[in-house]
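Participant: next one to model:
(one chain, ligands or ions: 1)
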Amino acid sequence: MKIAIGEVMHETNTFSSVQTTVDLFKKWEWSRGDAILPNHRGVRDFLGGMIDRAEELGIEVVPTFATTASPSGTITRETYEAIKNELLAGIKAAGEVDAICLSLHGAGVVEGISDMEGDLLQVVRSEVGYDLPLIVTLDLHGNLTEKMAQEANALLGVHLYPHIDCYERGMEAIDLARQMVQEGLKTAVHVTKLPLMITTSTTNQSPAKDINAICWEWEKHPDVIDCAFFHAFPYTDIPEVGVSVVAITRGDKDLAKKIAEEVANEIWTRRNDFCPLVNTPAEGIEQALAAEEMPIVINETSDNPGGGTPGDGTYLLRAMLEAQLDNACFGCICDPEIAQIAHDAGVGATISVKLGGKVDNLHGEPIQLTAYVKSLTDGCYVTSSPMGKGMHFNLGKSVRLQSQGVDILVCSVSTQVLDEQIFLLHGIDVTSYKIVALKSSQHFRAAYEPISKQIITVDSPGLTTLQFSFFDYKNLSRPIYPLDEETEY
Ligand SMILES: [Zn+2]
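Facilitator: Numbering: from 1, shown residues only. Presented below is the predicted three-dimensional model:
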């Protein structure tokens, strides 16, 4: 048995001023054919799960094309055409296969195409027809559409946020494809969409945790294959934005519909519980200092590169410098210009620079800073977080600066901080710091919950702020809650 696999991943923040091009994809991954295998075999991501499971079952995997870019602005048309051509060429080169498993995100937006995944799946179908099983794994931040459900035999969303179960979803995709091919299994997919946007909600805590529990109760039903709560991606201005539930059964359409609607009703009933408490950076620092234990993690959710922000926001860092701390570290602010200046100056030098706040005018002013260059690195490390464990990161020239009691990491490629590795790379043991500040919304929890005494989320203006009123939405399907208070469902 032969299964073709491939990946096209992008979470598009249409408010970002950074257009997503082939070059940006190439910074993360752009690989063809067999070159895909060593990048993912044994890695805890979607393709890793597909490859490992297929090899375990004696199924031949035929890698086609894989590309991923860090979340950023709208994908250019030219870039999408290149991706489509690569994927189709890979599928053609794979020859006759029994099934296709694709790892997509669900929140990709191209110039003129608001539902990239729906379009891409339609293109794949026009090449291979509708008889071939086509199984898709997705991120729970996907804005699901009817088109995706029509084109795929199954849409398997990651259930956990932090996304520590991508590998398991990849394995499930292969298992499902095998059952469809060898046992004649037929699937029924139902998507129920809600007129609702929610802010980032970890599934480690209520209410998202409770909704998952309901989904998993349904998964015990003998005719149910999967039930997933999609949180959607609200930082994008397209009509498809909205929370959804996807239920997949062993061919029973009515059951799939009933389940998806029941879970959706429960989410709707609890919609107010998804509104989090918000601290400003100064309030967060005050709370951290008042805590008796350490380390206390402060996460700057409003500038989360994992949601398409520039990663050079200065609101939290400025507040930390103003607070006159003596045992704090910050990771990491993206500023290639300053990383280069520090590398030119060398370890032991003192530099005076304007740090951060350069990509746009939404994430705070640059900080005028005099800092000591403590250590310099190439920014390369392998992640140890349960989320994506084994994945290689390359943040380019990086530096540990010291100024006013804060150890500040500056890198050349923007990324959210998933684990302790970027700190360790620069000689920082986060457990010996009172305050560990980082840029991420929820994914850092997978590595930091076990090692920190408290987590304090701070918000400010920024492209991933918890305040939806910050954005000038023009294309959403209205009414939508909570922007439109009177929304009914
Ligand atoms: Zn996600």
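
Participant: with adjacent residues omitted, what lies nearest to the residue of the stretch 151-300 of the chain found nearest the ion?
Facilitator: Residue nearest to the ion within the stretch 151-300 of the chain (CB to the ion): residue 163, separated by 5.6 Å. (Each C-beta comes from the backbone N, C-alpha and C, glycine too.) Counting by CB to CB, 6 or more residues apart in numbering, residue 163 lies nearest to residue 387, which is 5.5 Å off, once chain neighbours are set aside.

Participant: residues near the one you found, how many?
Facilitator: For residue 387, the neighbour count with other CB atoms under 10 Å is 24.

Participant: how close does it get to residue 91?
Facilitator: Distance, residue 387 to residue 91, using CB to CB, to the nearest Å: 29 Å.

Participant: about what we covered before: in a helix, that's where the residue nearest to residue 163 is, yeah?
Facilitator: No - counting by DSSP: H, G, I helix; E, B strand; the rest coil, residue 387 is located in no helix; its state is coil.

Participant: contacting residues around it?
Facilitator: 44, 162-164, 166, 418, 443, 446-447 (CB atoms under 8 Å, 6 or more residues apart in numbering).

Participant: how near is it to residue 154?
Facilitator: 23 Å.

Participant: which non-adjacent residue is nearest residue 331?
Facilitator: residue 409 (4.2 Å).

Participant: got it, and residue 486?
Facilitator: Going by CB to CB, 6+ apart, residue 486 has residue 479 as its nearest residue, at 6.6 Å.

Participant: could you do residue 310 as well?
Facilitator: residue 359 (3.6 Å).

Participant: neighbours of the one you found, how many?
Facilitator: Neighbours around residue 359, by other CB under 10 Å: 19.

Participant: in three-state terms, label it for me.
Facilitator: coil.

Participant: quick one: the helices in the stretch 301-450 of the chain?
Facilitator: Counting by DSSP state H, counting those that start in this stretch, the segments of the stretch 301-450 of the chain that form helices are 315-322, 336-345, 421-425, 445-448.

Participant: show me what the third one is packed up against.
Facilitator: It refers to helix 421-425. strand 328-334, strand 380-382, strand 406-411 (3 or more CB pairs under 8 Å, 6 or more residues apart in numbering; DSSP states H and E).

Participant: ok, the second one next?
Facilitator: Taking 3+ CB pairs under 8 Å, 6+ apart as contact, the helices and strands that helix 336-345 lies on are strand 350-355, strand 367-377, strand 398-403, strand 406-411.

Participant: from the chain's centre, how far out does that helix sit?
Facilitator: Put simply, helix 336-345 sits 29 Å off its chain's centre (CA atoms, centre = their mean, to the nearest Å).

Participant: buried sites along it?
Facilitator: 336, 338-339, 341-343 (16 or more other CB atoms under 10 Å).

Participant: cool, and the first one?
Facilitator: By 16+ other CB under 10 Å, the buried positions in helix 315-322 come out as 315-321.

Participant: residues making contact with stretch 440-454?
Facilitator: 161-164, 200-202, 204, 288, 291, 293-297, 299-301, 304, 306-307, 384-387, 416-420, 430-431, 436, 438, 455, 464.
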